[in-house]
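Engineer: Following is a predicted model, sequence given first.
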2 protein chains.
Amino acid sequence: MADAPAAEPAEEDVIVDPWTVSGNINYDKLIEQFGSQPLTPALIEKFERVTGRTAHTWIRRGIFFSHRDLDAILDNHAAGKPMYLYTGRGPSSESLHLGHLIPFHFTKYLQDVFRCPLVIQMTDDEKFLWKDLQLDECHRLAAENAKDIIACGFDITRTFIFSDLDYIGSMYPNIVRIQKAVTYNQVRGIFGFDDSCNIGKHAFPAVQAAPSFPSSFPHIFGTRVDIPCLIPCAIDQDPYFRMTRDVAPRLGFLKPALLHSKFFPALQGATSKMSASDESSAIFCTDSQKQIRDKVNRYAYSGGRETVEEHREKGGDLATDISYQWLRFFLHDDAELARIGDEYSSGRMLSGEIKAELVKCLVPLVAQHQQARALVTDDVVKTFMTPRPLVGASAES
Amino acid sequence: MADAPAAEPAEEDVIVDPWTVSGNINYDKLIEQFGSQPLTPALIEKFERVTGRTAHTWIRRGIFFSHRDLDAILDNHAAGKPMYLYTGRGPSSESLHLGHLIPFHFTKYLQDVFRCPLVIQMTDDEKFLWKDLQLDECHRLAAENAKDIIACGFDITRTFIFSDLDYIGSMYPNIVRIQKAVTYNQVRGIFGFDDSCNIGKHAFPAVQAAPSFPSSFPHIFGTRVDIPCLIPCAIDQDPYFRMTRDVAPRLGFLKPALLHSKFFPALQGATSKMSASDESSAIFCTDSQKQIRDKVNRYAYSGGRETVEEHREKGGDLATDISYQWLRFFLHDDAELARIGDEYSSGRMLSGEIKAELVKCLVPLVAQHQQARALVTDDVVKTFMTPRPLVGASAES
């Protein structure tokens, strides 16, 4: 999958597809435009009732804000029937940044909640087809990135991570079924492809669609086609799954359900793009304590005022302040977030101080990730990436 | 690969691509149009000198008439260096007809001559993408057709037959390399695709191209990229390999060499299409002696005259007489073919008599095929279709 880039509220000239997120995004309009459903308080309440778990911070704070068929997934779970989760990553860089971790932290939470199998697709083929990278390099990055993903705490008995380059053979029957059901006119409309695209790009949407169907994983689900799939992802990935849901009934398959997140903003502000190739735009999982402090202090876009006097009087702007926006993602303590928001918006807390709060939040988060990643051996990666039966594939277990 | 359909000499409105062969084909013009080379007497002489074998009937009779880089293949062989052969079939029908056997009989001869590995691609994925067939049916037909192919006498220690649906995973690295190097504009120009094609069709040329490169078969050639490939095929398949030869240098691979055949004509005549779905257009490998006799007598287009008197006077027309044309393929005895040609063209032999000559030639050919096929067990098919090392892959052996 493509990286989930940065953005936040406003209007006009908005592009959201798997390769481009630009403009000031109005997420309500996006729901309308994409034809998805808002994640309503009633549905969140049902989620908590059915799962017996508090909704994740990112659900409660509206970061995961949109869905397709989550209701049916909850009914299925309430009936004690099996399901599975599917997410992915396009491995185009050596180390992940904090934005990359969001779908995985959230998916880890969903795996804990649903106690179900999870498949994670590393689209090394996609990155090769789209980027100026060698194939071996994309394949190597898939395994490297898998270490960061495993460090998020996934259950090794319930998780299968796969590189497309390694695993494509098992999915190929479903891939050609999907390809036969989709014309070039359709993918051109959905993805904005043109005639000068390489032919691998035209075919690739079927590769990202295939893991939405349980029969793409015979070692996990056998030949069953009745096990529903839930896909947590940033909303820019939705076009793949609109296409997938469109073809599913024609193939006799279930439509995958989705849970969509908003974009994680770049350090420089919501309208600039966070990029793995721009060191200063993001905090990376490999950054040291000093690098984190320096980047936040230097680059984090501030919602503070021109002068201390003006700031004390008018207060900081929470909507544009990146330190506050990032704390909304990573500071899970609601009371503490509210306190910081009050202090900063009232002007009692200065920009340097809210940046210090963010650093205080990020340093242990990154350190913990680094510790966890250091424990991920090649053998552990190999186990996660070996096709094998998973726990929880056929019933409650 | 698509079936090799029927046709023969003349002009205008000629279409030759993997899905359509129509019009009266002038093969000299086709060589010019495709940019291949004629198989000259000098090259045939070199072939015989280097291999120490008499050129095959179909080479001597101009049925295999065009090539690309055969000269380099002969030099490579003369130097004692390894090479391999690649051919294929699109499994869209239960039983093969005689036209289908031609590339395989010829490839069997080449394998005996070069004593080298051979890979045979069953494009079950292609047939699924192009035809109104279920995927499982295409896959089943691949294994069924493999029995007919094996019955042609291939060396089990030197031959790997594979279904794309089963084997795609091992070729996928090369497939995406090829896909990345080819744009939709290019395949549209080469294959006449349009925007309403399913996206699998756009991607498929890379699947047929991949076996041209030895690294698509790591179990046979390891990681070697310096082993040249020779592809015997009907000339309608050339567009795939023009594309393949175009991308090869950019990928650091050798261009595959080719040996092109003319089309085997339908019973009803050179300008009508032989089709597996039209029982009367062809002799099938499963036909009985009686069926062969009946079809030849009823349907074989005759170059004879209106009346016996006129025939005795003017003689039969060898160029349009299907019995004679088919004997050019299947009667390997040159003297006997010359005798029949003389007799018929002089009017001494009547249409019914040349049909009887054809029946006399085909009946043992088909019977022998049926006997050989009956000996092909599922275990034998499984062995041929199992990825494994082959004899002759690295040097003379």
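Structural biologist: Structure's in. What do you need?
Engineer: Hmm, A:A234 is touching A:F263, no?
Structural biologist: Yes - between A:A234 and A:F263 a contact is recorded at 6.1 Å, counting by C-beta atoms under 8 Å. No exception for glycine: its C-beta is placed from N, CA and C like everyone else's.
Engineer: what about stretch A:84-101 and chain B, touching?
Structural biologist: No - residues of stretch A:84-101 contacting chain B under C-beta under 8 Å from any C-beta of the partner chain: none, with a closest distance of 13.8 Å.
Engineer: got the end-to-end distance for that stretch?
Structural biologist: One end of stretch A:84-101 to the other measures 20 Å (C-alpha to C-alpha, to the nearest Å).
Engineer: buried stuff in it?
Structural biologist: A:84-93, A:95-101 (16 or more other C-beta atoms under 10 Å in any protein chain shown).
Engineer: among those residues, which are in helices?
Structural biologist: Using DSSP state H, the subset of the buried residues of stretch A:84-101 located in helices is A:98-101.
Engineer: export these to TSV and tack on distance to B:R250 and pLDDT?
Structural biologist: As requested, these are exported to TSV (distance: C-beta to C-beta, whole Å; pLDDT from 0 to 100):
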residue	distance to B:R250	pLDDT
A:L98	38	95
A:G99	35	93
A:H100	32	94
A:L101	37	95
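Engineer: from the residues you listed, which is closest to chain B?
Structural biologist: Minimum distance to chain B across these is 23.1 Å, recorded for A:H100 (C-beta to the nearest C-beta).
Engineer: I'd say the closest one and A:R89 touch.
Structural biologist: Yes - taking C-beta under 8 Å as the definition, A:H100 is a contact partner of A:R89 at 6.9 Å.
Engineer: near chain B, which residues of the stretch 151-300 of chain A show up?
Structural biologist: Counting by C-beta under 8 Å from any C-beta, the residues of the stretch 151-300 of chain A near chain B are A:164-170, A:172-173, A:176-177, A:179-185, A:187-188, A:193-200, A:202-203, A:205-206.
Engineer: which of these count as buried?
Structural biologist: Neighbour-count burial (16+ other C-beta under 10 Å) applied to these gives A:164-170, A:172-173, A:176-177, A:179-184, A:187-188, A:193, A:197-200, A:202-203, A:205-206.
Engineer: Secondary structure element for whichever residue of the stretch 101-250 of chain A sits closest to chain B, which one?
Structural biologist: Relative to chain B, the nearest point of the stretch 101-250 of chain A is A:G169 (2.5 Å; C-beta to the nearest C-beta). In this structure, A:G169 sits in helix A:164-180 according to DSSP states H and E.
Engineer: Now do the helix or strand following that helix and helix B:184-191, the angle between them.
Structural biologist: From helix A:164-180 onward toward the C-terminus, using DSSP H and E, the following helix or strand is helix A:184-191. Helix A:184-191 and helix B:184-191 are oriented at 180 degrees to each other (axes from the mean of the first three to the mean of the last three C-alpha atoms, to 10 degrees).
Engineer: Need the contact partners of helix A:184-191.
Structural biologist: A:17-18, A:193-194, A:202, A:205, A:239, A:242-243, B:184, B:193, B:195-199, B:202 (C-beta atoms under 8 Å, 6 or more residues apart in numbering or on different chains).
Engineer: can you pull out the helices in the stretch 151-300 of chain A?
Structural biologist: Ranges of helices within the stretch 151-300 of chain A are A:164-180, A:184-191, A:199-209, A:218-221, A:238-251, A:289-299, based on DSSP state H, counting those that start in this stretch.
Engineer: where do the strands sit along chain A?
Structural biologist: Here chain A has its strands, by DSSP state E, at A:15-17, A:20-22, A:37-38, A:64-68, A:84-89, A:118-122, A:159-163, A:229-234, A:257-261.
Engineer: Now do the fourth one and strand A:257-261, the angle between them.
Structural biologist: Relative orientation of strand A:64-68 with respect to strand A:257-261: 160 degrees, computed using the same axes, to 10 degrees.
Engineer: Tell me which strands strand A:64-68 pairs with, and in which orientation.
Structural biologist: strand A:37-38 (antiparallel), strand A:257-261 (antiparallel) (DSSP bridges).
Engineer: And the second one, by the same measure?
Structural biologist: Using DSSP bridges, the strands paired with strand A:20-22 in its sheet are strand A:15-17 (antiparallel).
Engineer: where does the stretch 1-150 of chain A have low pLDDT?
Structural biologist: A:1-13 (pLDDT under 70).
Engineer: Alongside chain B, which residues does it contribute?
Structural biologist: Counting by C-beta under 8 Å from any C-beta, the stretch 1-150 of chain A sits next to chain B at A:125, A:128-129, A:135.
Engineer: Residue ranges of each domain in chain A, please.
Structural biologist: A:15-267, A:279-374 (automatic domain parsing).
Engineer: Nearest to B:A372, out of the ones you listed?
Structural biologist: domain A:15-267 (31.3 Å; C-beta to C-beta).
Engineer: so how far is the first residue of that closest one from its last?
Structural biologist: Using C-alpha to C-alpha, the two ends of domain A:15-267 sit 21 Å apart.
Engineer: Could you check how far the residue nearest the centre of chain A is from A:Y109?
Structural biologist: Centroid check for chain A by C-alpha atoms, centre = their mean gives A:P103 as the closest residue, at 2.9 Å. Distance of A:P103 to A:Y109, computed by C-beta to C-beta, to the nearest Å: 11 Å.
Engineer: tally of neighbours for the closest residue to chain B within the stretch 251-397 of chain A?
Structural biologist: Residue nearest to chain B within the stretch 251-397 of chain A (C-beta to the nearest C-beta): A:L251, separated by 10.2 Å. Counted with other C-beta atoms under 10 Å in any protein chain shown, residues neighbouring A:L251 total 16.
Engineer: Over to A:R373?
Structural biologist: Neighbours around A:R373, by other C-beta under 10 Å: 18.
Engineer: Next: A:D294.
Structural biologist: 14.
Engineer: just A:S215 next, same as before
Structural biologist: A:S215, neighbours per other C-beta under 10 Å, totals 20.
Engineer: residues in contact with it?
Structural biologist: A:S215 is in contact with A:173-174, A:221, A:223-225, A:253, counting by C-beta under 8 Å, 6+ apart.
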